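# Show me how the following folds:
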Amino acid sequence: MDVRIGVTHTPKEIEVELAEGTDPDALVAQIEKALGGTGMLWLTDRRGRRVGVPAGSVAYIELNTGSEDRRVGFGAAVR
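Sure thing, here's the model as predicted:
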């Protein structure tokens, strides 16, 4: 599964390739929990590297599970 994260105040995106078999619903719950607070969104890629993004800096998140009909996106309010 691929995750693309847009970060506020920068044109670049963060792309994380998660391990095969990652549960999309559990990942969405993890993302929603992290974005509901002021902490960090932590993801571990398929090589075991951890990627952290401050929740307040997330502009959007796109999940790609391999099929076009399973994309999920989240938007953050601009302050």
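# any low-confidence regions in this protein?
Scanning the chain for pLDDT under 70 picks out 65-79.
# ok, which stretches of it are strands?
2-7, 13-17, 40-44, 50-54, 58-64, 72-75 (DSSP state E).
# Let me have these in JSON lines, extended by mean neighbour count.
Where C-beta positions appear, they are placed from N, C-alpha and C, glycine not excepted. Formatted as JSON lines, these follow (neighbours: other CB atoms under 10 Å):
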{"stretch": "strand 2-7", "mean neighbour count": "18"}
{"stretch": "strand 13-17", "mean neighbour count": "15"}
{"stretch": "strand 40-44", "mean neighbour count": "16"}
{"stretch": "strand 50-54", "mean neighbour count": "14"}
{"stretch": "strand 58-64", "mean neighbour count": "18"}
{"stretch": "strand 72-75", "mean neighbour count": "13"}
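# out of those strands, nearest to residue 27?
With CB to CB as the measure, strand 58-64 is the member of the strands of the chain nearest residue 27 (6.8 Å).
# Listing partners with orientation, what would you give for that closest one?
strand 2-7 (antiparallel), strand 72-75 (antiparallel) (DSSP bridges).
# next one: stretch 22-32 to chain centre, how far?
Taking CA atoms, centre = their mean, to the nearest Å, one finds the center of stretch 22-32 at 9 Å from the center of the full chain.
# buried ones in it?
22, 27, 31 (16 or more other CB atoms under 10 Å).
# No more questions from me, cheers.
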